[in-house]
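Participant: Predicted coordinates and the sequence they were generated for:
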Amino acid sequence: MYGRWAIVVRLLSAGLRCPVCQEHFNTWTAANPPPSGPRGKDERVPVCRAWVLALHNEVNTTKEVPTEPWTVEQVAAKYGGDRATIRKAARLALRSIQAMVVPRAYTGLQNILAQG
């Protein structure tokens, strides 16, 4: 697994406050391992985005959110493709999950986001 992605997965694995959510995350990641392998950045980023999107869609399905699963194209249309727009969206998304993770995990995720 790639450096920062490995840290994000570890932080979420241990840092989700809800035991049911934590169990679901750990079960899902065991069945759908995070991306790894010798890929260049141009290949790695889309693969990691697709993995996170699959996790997002799984959570919505589990929570019975009445929406169709998102596609990579829908995410790009909603949040843009330039780095600044994506980082802004990531900061907002991180704030939205703050109550779901323990403080140490939240701080770790903030630090990863700050690294760019």
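Facilitator: That came through, no problem. This is a predicted model, so every value here is computed, not measured. Numbering: from 1, shown residues only.

Participant: most centrally placed residue in this protein?
Facilitator: In the chain, the centroid-proximal residue (Cα atoms, centre = their mean) is residue 52; its distance is 4.5 Å.

Participant: helices or strands up against whichever strand or helix holds that one?
Facilitator: Residue 52 belongs to helix 41-62 when assigned by DSSP states H and E. Judged by 3 or more Cβ pairs under 8 Å, 6 or more residues apart in numbering; DSSP states H and E, the packing partners of helix 41-62 are helix 19-31, helix 72-79. To be clear about C-beta, it is placed using only N, CA and C from the backbone, and glycine gets the same treatment.

Participant: quick one, which of those helices is nearest to residue 102?
Facilitator: With Cβ to Cβ, the closest approach to residue 102 among the helices and strands packed on helix 41-62 belongs to helix 19-31: 10.2 Å.

Participant: CA atoms only for the closest one, dumped as CSV, please.
Facilitator: The C-alpha coordinates for helix 19-31 follow below in CSV (Å, rounded to 0.1, in the frame of the first residue of the first chain):
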residue,chain,number,x,y,z
PRO,A,19,-17.6,0.1,17.0
VAL,A,20,-20.1,-1.0,14.2
CYS,A,21,-18.5,1.4,11.7
GLN,A,22,-15.0,0.3,12.7
GLU,A,23,-16.0,-3.3,12.3
HIS,A,24,-17.6,-2.6,8.9
PHE,A,25,-14.5,-0.6,7.8
ASN,A,26,-12.1,-3.4,8.8
THR,A,27,-14.2,-6.1,7.2
TRP,A,28,-14.6,-4.1,4.0
THR,A,29,-10.9,-3.3,3.8
ALA,A,30,-10.0,-7.0,4.4
ALA,A,31,-12.2,-8.0,1.5
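
Participant: Since that was my last question, I'll sign off now.
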